[in-house]
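*Asks:* Task: produce atomic coordinates for the following.
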Amino acid sequence: MIEKNQMGGVSFKRLRWWYVPLLFLPIAIGTFIHWLTKPLPPPVVSLSLKGFKVYPTNTYAVMCLSNLGPTIIYFDSRYWEATFISGKAMTTNYGQGFSTIPSLVLQNSNEVFYVEVPKGSKSWRVEAGFSYYRHHHWRFELADWLIRKRVTSQIVWKPLGYFDPEWTRLLEPEELGGSAATGWLTNVPTAKDPK
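*Replies:* You can find the predicted model right below:
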């Protein structure tokens, strides 16, 4: 109930608790908009050979895509290309991953994938593609945060899954692509490589 003072005006004694949300709501909205529109630095990504693995008779190169910068990258194991030279012949292999969901590669983390190395290869190189965003992608980053915090409640995930009206796409940044490649490698599997 709102009290009236002696002059007939409204007394805000009972409405004091409204001041806190009213003061912080514009600050929270402004902070969120600033976070969404603040440009991220370009990704810093490297691709390296970690070794070889033999299974059961085929030899695979163990490749490591590392995110060295603060910008999150997304890697799909299907998007790599390897070129092999053996004698006068050149062979190209492409990624054949089974997942259609890209892996999220955070700062100072990596994603490992395997490339089959044909027998008789003398030199070869691998190039891997990835995607990233120039600005924060609020839905992807919120989902990743919930996963890392091990939030499994359907109360949280159900609305997030259904929260996909057209207007939310206006807030999503444009997806950009990049790639990382090794130089020409002359490493070939040896009998000492682990199986």
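
*Asks:* Return the set of residues that bridge with residue 75.
*Replies:* residue 103 (DSSP bridges).

*Asks:* Would you mind confirming that residue 71 makes contact with residue 38?
*Replies:* No: using C-beta atoms under 8 Å as the test, residue 71 is too far from residue 38 to be in contact (11.8 Å). Yep, even glycine has a C-beta here, placed from its N, CA and C like the rest.

*Asks:* Give me the more crowded residue out of the two.
*Replies:* residue 71 (19 against 9; other C-beta atoms under 10 Å).

*Asks:* any idea how far residue 72 is from residue 48?
*Replies:* 20 Å (C-beta to C-beta, to the nearest Å).

*Asks:* my bad, residue 94
*Replies:* 25 Å.

*Asks:* Please apply the same query to residue 140.
*Replies:* 8 Å.

*Asks:* Overlap in contacts, the two.
*Replies:* Counting by C-beta atoms under 8 Å, 6 or more residues apart in numbering, the shared contacts of residue 140 and residue 72 are residue 104.

*Asks:* Which residue of the two possesses the greater neighbour count?
*Replies:* residue 72 (20 against 16).

*Asks:* Just the pLDDT at the residue lying closest to residue 43 once chain neighbours are set aside, thanks.
*Replies:* Spatial nearest neighbour of residue 43, chain neighbours left out: residue 71 (4.6 Å); criterion: C-beta to C-beta, 6 or more residues apart in numbering. Residue 71 carries a pLDDT value of 90.
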